[in-house]
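S.K.: Predicted model, plus sequence, below.
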Amino acid sequence: MKLIIIRHGDPDYEKDSLTEKGWREAALLCKKLVRTPADAYYVSPLGRARDTASLTLQQLNLQAEVKDWLQEFAYMVKDPLTGEERLPWDLLPADWTKVPAYYDKDAFLDTPLMTSGNIREKYQWVCREFDRLLAQHGYVREGMLYRAVSPNRKTLVFFCHFGLECVLLSHLLGCSPCVLWQGTAAAPTSVTTLNTEERQEGIAVFRMASFGDISHLYAGDEPPAFAARFCETYDNFDERH
């Protein structure tokens, strides 16, 4: 089975939609996806993800199933230093890198930052619902593996968000989402692809074949948006700090 995880286009967060650039990106993404046959489409309930999916779905004359757990992982936590609320995946390097628990797939949930927002409950909810969907398509989670109850070559497409994508990938790959939140950047409309690998009969793992592919943007001479990235050098104050 193949999973295709797509981040929404360049966002207009105020309107929960896309910027003019985001719509151009979604149109180029559409050209790519209509050439990629899929068996099912799933989308976040948030407008920026649904708008990104809309062009492809209209072209294919299909509908996507809305899944609440695909919404952005924007559950707030309380900063232990300032007492202010913040997102769990926007951490400064000098803070999170000195805490070994953030690198552990289980221990990160017990850090003071994550417990302040009950992130364990939210994280496990997303993983549980994701596994329930995969089981419906023939792959049942058992420990760190999936039991290939009904092996198949289906393709499932998910239109969602960067923070949420990292949660899904951390669950599939068995690592802490903190490493992915802080160590990767999926540009708007980027495409991440995973395939099942069944080297032993009845046992499957998901292996990532590509992360954050934006070849469709380059094919359309559309530069990738800067969203999800921060300044490349500290002295560049034109880029986000």
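M.R.: Okay, I see it.
S.K.: all contacts plus neighbour counts: C-alpha atoms, from now on.
M.R.: OK.
S.K.: For the protein, which helix extends over the most residues?
M.R.: helix 119-136 (DSSP state H).
S.K.: any idea how far Arg147 lies from Phe206?
M.R.: 11 Å (Cα to Cα, to the nearest Å).
S.K.: Tell me which residue is most central in this structure.
M.R.: Glu165 (1.2 Å; Cα atoms, centre = their mean).
S.K.: from the chain's centre, how far out does stretch 233-241 sit?
M.R.: Stretch 233-241 sits 25 Å away from the centroid of its parent chain (Cα atoms, centre = their mean, to the nearest Å).
S.K.: what's the model's confidence in that stretch, averaged?
M.R.: On average, the pLDDT along stretch 233-241 is 71.
S.K.: hmm, back to that, check the offset of the longest helix of the chain from the chain's centre.
M.R.: 13 Å.
S.K.: Please apply the same query to stretch 183-191.
M.R.: On Cα atoms, centre = their mean, the centre of stretch 183-191 falls 8 Å from that of its chain.
S.K.: Ok, stretch 146-153 next?
M.R.: Here stretch 146-153 is found 23 Å from its chain centre; the criterion is Cα atoms, centre = their mean.
S.K.: Quick one: end-to-end distance for that stretch.
M.R.: 15 Å.
S.K.: tally of neighbours for Arg35?
M.R.: Residues lying near Arg35 (other Cα atoms under 10 Å) number 8.
S.K.: which residues of this protein fall in helices?
M.R.: So, for the chain - with DSSP H - the helices run 20-33, 47-60, 93-96, 112-115, 119-136, 162-173, 177-183, 215-219.
S.K.: Can you list the buried residues in stretch 228-241?
M.R.: Residues of stretch 228-241 include none that count as buried (16 or more other Cα atoms under 10 Å).
S.K.: how far out from the middle of the chain is that stretch?
M.R.: Computed by Cα atoms, centre = their mean, the chain-centroid distance of stretch 228-241 equals 23 Å.
S.K.: can I get the CA coordinates of that stretch in CSV?
M.R.: Taking C-alpha atoms only, stretch 228-241 is exported to CSV below (Å, rounded to 0.1, in the frame of the first residue of the first chain):
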residue,chain,number,x,y,z
ALA,A,228,7.8,26.1,7.7
ARG,A,229,11.3,27.5,7.5
PHE,A,230,13.2,30.0,9.6
CYS,A,231,16.1,32.3,8.8
GLU,A,232,19.0,30.6,7.2
THR,A,233,21.5,32.9,8.9
TYR,A,234,20.7,35.0,12.1
ASP,A,235,21.7,38.3,10.4
ASN,A,236,18.9,38.0,7.8
PHE,A,237,16.0,39.8,9.3
ASP,A,238,14.0,39.6,6.1
GLU,A,239,13.5,35.9,7.0
ARG,A,240,11.4,34.6,9.9
HIS,A,241,13.3,34.3,13.2
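S.K.: Please enumerate residues in contact with that stretch?
M.R.: The contact list for stretch 228-241, computed with Cα atoms under 8 Å, 6 or more residues apart in numbering, reads Phe162, Ala185, Ala186, Ala187.
S.K.: can we see that at 7 Å?
M.R.: Contact with stretch 228-241 is made by Ala185, Ala186, Ala187, as judged by Cα atoms under 7 Å, 6 or more residues apart in numbering.
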